[in-house]
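Colleague: sequence and computational prediction follow.
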Amino acid sequence: MSVRHHSCLFVALVLLIALGVAPAGAAESTVLLKTTRSWDGTAFPAYPQGQPEITVLRIVIPPHSTLAWHHHPVINAAYVQQGRLMVEKHDHTADGPTTCSLIAGDVLPELVDQVHRGYTGDEAATLIVFYAGRAGSQITVPDVFPVGPVPTRWAPPCSEWRGRGT
């Protein structure tokens with residue numbers, strides 16, 4: 001190939017990139033979440049000793065559903081694939097429970113060793129949850145507390161909690 005031909009190919013490639021057209025085989029990467037803390041600002045614990053094990057679950061929560069109180073002994077993050085979800089920490093204060101809401105496309109660094117639950121409104125929610133634990137250990141542990149009422153108002157987005165620096 002001539003120098004002129006290479007120059008034309010280079011110019012064409014630059015124009016395609018400038019127009020937002022990626023050449024075949026090009027990949028795009030976007031950081032959805034990078035944090036050392038859960039959504040309420042609590043620092044993550046150290047990873048446990050032993051053989052690491054990654055578990056990825058797809059969880060579908062029907063409309064008007066409330067999950068049982070539970071906690072996760074391992075670090076995990078949830079991606080909301082579709083729908084809307086509220087999460088509530090079992091720390092009821094004079095101001096009411098600590099809650100936040102998620103919509104499709106949000107990523108939530110979940111609470112570790114803190115009791116919480118989730119609930120939906122008029123639409124189902126589908127989550128993809130990534131757990132980083134130890135082989136043979138539990139990723140979710142049920143907790144027994146009265147179900148109690150579900151807050152009637154949707155809480156602010158969970159991303160607002162991470163910005164508080166608590």
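Modeller: Perfect, thanks for sending it.

Colleague: okay, CA-based contacts and neighbour counts for the rest of this
Modeller: Fine.

Colleague: need the helices for the protein, in chain order.
Modeller: For the chain, helices defined by DSSP state H occupy the ranges 3-18, 158-162.

Colleague: quickly, which of these bottoms out on average pLDDT?
Modeller: Mean pLDDT is lowest for helix 3-18 out of those, coming in at a mean of 50.

Colleague: so the closest residue in space to Val107 that isn't next to it in sequence bridges to which residues?
Modeller: Counting by CA to CA, 6 or more residues apart in numbering, Val107 lies nearest to Tyr79, which is 4.4 Å off, once chain neighbours are set aside. For Tyr79, the beta-bridge partners are Val107, Ile128 (DSSP bridges).

Colleague: pull the contacting residues for Tyr79.
Modeller: Residues in contact with Tyr79 (CA atoms under 8 Å, 6 or more residues apart in numbering) are 104-108, 127-129.

Colleague: now it: how far from Arg58?
Modeller: Applying CA to CA, to the nearest Å, the value for Tyr79 to Arg58 is 10 Å.

Colleague: quick check: neighbours shared by these two?
Modeller: Going by CA under 8 Å, 6+ apart, residues that sit against Tyr79 and also against Arg58 are 127-129.

Colleague: just send those residues back as CSV, with distance to Ala43 too.
Modeller: CSV is the format used below for the shared contacts of Tyr79 and Arg58 (distance: CA to CA, whole Å):
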residue, distance to Ala43
Leu127, 23
Ile128, 22
Val129, 19
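
Colleague: redo the residues you listed as a markdown table? Include pLDDT and neighbour count.
Modeller: Shown next, in a markdown table, are those (pLDDT from 0 to 100; neighbours: other CA atoms under 10 Å):
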| residue | pLDDT | neighbour count |
| --- | --- | --- |
| Leu127 | 98 | 23 |
| Ile128 | 98 | 16 |
| Val129 | 98 | 19 |
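
Colleague: and Trp154, how far is that from Pro142?
Modeller: 24 Å.

Colleague: the two - which one has more neighbours?
Modeller: It is Trp154, of Trp154 and Pro142, that has more neighbours when counted by other CA atoms under 10 Å, with 16 against 12.

Colleague: now the more buried one. Nearest residue, chain neighbours left out?
Modeller: Here the residue nearest Trp154, using CA to CA, 6+ apart, is Ser101, at 6.6 Å.

Colleague: point out where the protein drops to low pLDDT.
Modeller: 1-23, 92-96, 162-166 (pLDDT under 70).

Colleague: and for the closest residue to Gln49 other than its chain neighbours, the neighbour number?
Modeller: In this structure, Gln49 finds its nearest non-sequential neighbour in Arg134, 7.4 Å apart by CA to CA, 6+ apart. Number of residues near Arg134 (other CA under 10 Å) recorded here: 18.
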